[in-house]
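Asker: quick one, structure for this:
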Amino acid sequence: MQNPTLTFSAENNIICSSTSELERIHEAPYNVALLSRRIAHLEPELKALLGRQLQFQKSGSVKDIGIALQPYLHDNAAACPRLYTDVLGLLQVFEQLSSGRNFSLLLATIDHDMCRRFHTDLNYLRLLCTYNGPGTLWLPDAHVDRQALYHGGSNEEIIPEARHIQQAESGQVVILKGERYPNGSAAVHRSPSLEADEPPRLLLRIDVN
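Answerer: Here you go, the predicted model:
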């Protein structure tokens, strides 16, 4: 499959200028909301994490996850207070956005293709942020063959024209609707491919549990 074109021109996505504007994911036309932001202040800590294998996974309330995450980042990266603050801040944004009380959070280094096939998630809402490496690939609804999607079709059948594939930027916050979101088509997406010589991705994923 060809490399994606980063045009971000699709009717089903909304480009947000603030975390509060991410609330627009609840509007009917949208199943993808994106917030571009600068994460230069995190670069020293992210650089320190390169080469380390992180695999933090925790379910619970925002408080529960925050209590577990702080010592984990300290033990694994000689303290990453700015990254901790950023992750916890995004979890709090997601709490407000989803009106959830219990969440599942993953912060991990990814050195393989997590899911090669375009798909939807069986959840309500998901937050993704790739701190390092290539971001999530997602599709404009107008160019998705959902018949192929739901009947085992290949990526080339699901999205016949690869030029329409979109890709999130590093550091960008992505909110995706899932199959359990009422009265709306779930966002179609997949993980990016990683070449053998590429450094691993550092991925944050939050779901309503």
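Asker: quick one: buried residues of stretch 132-144?
Answerer: Buried residues in stretch 132-144, counted by 16 or more other Cβ atoms under 10 Å: Asn132, Gly133, Pro134, Gly135, Thr136, Leu137, Trp138, Leu139, Pro140, Asp141, His143, Val144. For every residue, glycine as well, the C-beta is placed using N, CA and C.
Asker: backbone phi and psi for the first one, please?
Answerer: Torsion angles at Asn132 (phi, psi; degrees, to the nearest 10) stand at phi -140, psi 140.
Asker: which one is the residue nearest the centre of the chain nearest to, not counting chain neighbours?
Answerer: In the chain, the centroid-proximal residue (Cα atoms, centre = their mean) is Leu128; its distance is 1.8 Å. Counting by Cβ to Cβ, 6 or more residues apart in numbering, Val174 is the residue found nearest to Leu128 once chain neighbours are left out, at 4.4 Å.
Asker: same question for Ala148.
Answerer: Glu157 (3.9 Å).
Asker: quick check on the one you found: phi, psi?
Answerer: When read as degrees, to the nearest 10, the backbone of Glu157 gives phi -80, psi -40.
Asker: longest helix of the protein?
Answerer: Counting residues, the longest helix in the chain under DSSP state H turns out to be helix 81-98.
Asker: that one - contacts with which helices or strands?
Answerer: helix 43-49, helix 62-77, strand 103-110, strand 125-132, strand 173-177, strand 201-208 (3 or more Cβ pairs under 8 Å, 6 or more residues apart in numbering; DSSP states H and E).
Asker: how near is Leu69 to Leu204?
Answerer: To Leu204, Leu69 is 11 Å away according to Cβ to Cβ, to the nearest Å.
Asker: what's the answer for Val32, then?
Answerer: Distance from Val32 to Leu204, by Cβ to Cβ: 17 Å.
Asker: out of these two, which sits in the busier spot?
Answerer: Neighbours per residue (other Cβ atoms under 10 Å) separate Val32 from Leu204, with Val32 holding more: 25 against 20.
Asker: which strands and helices sit next to the helix or strand of the chain with the lowest mean pLDDT?
Answerer: Counting by mean pLDDT, DSSP states H and E, the chain has its least confident helix or strand at helix 62-77, which shows a mean of 88. Using 3+ Cβ pairs under 8 Å, 6+ apart, the elements in contact with helix 62-77 are helix 43-49, strand 55-60, helix 81-98, strand 103-110.
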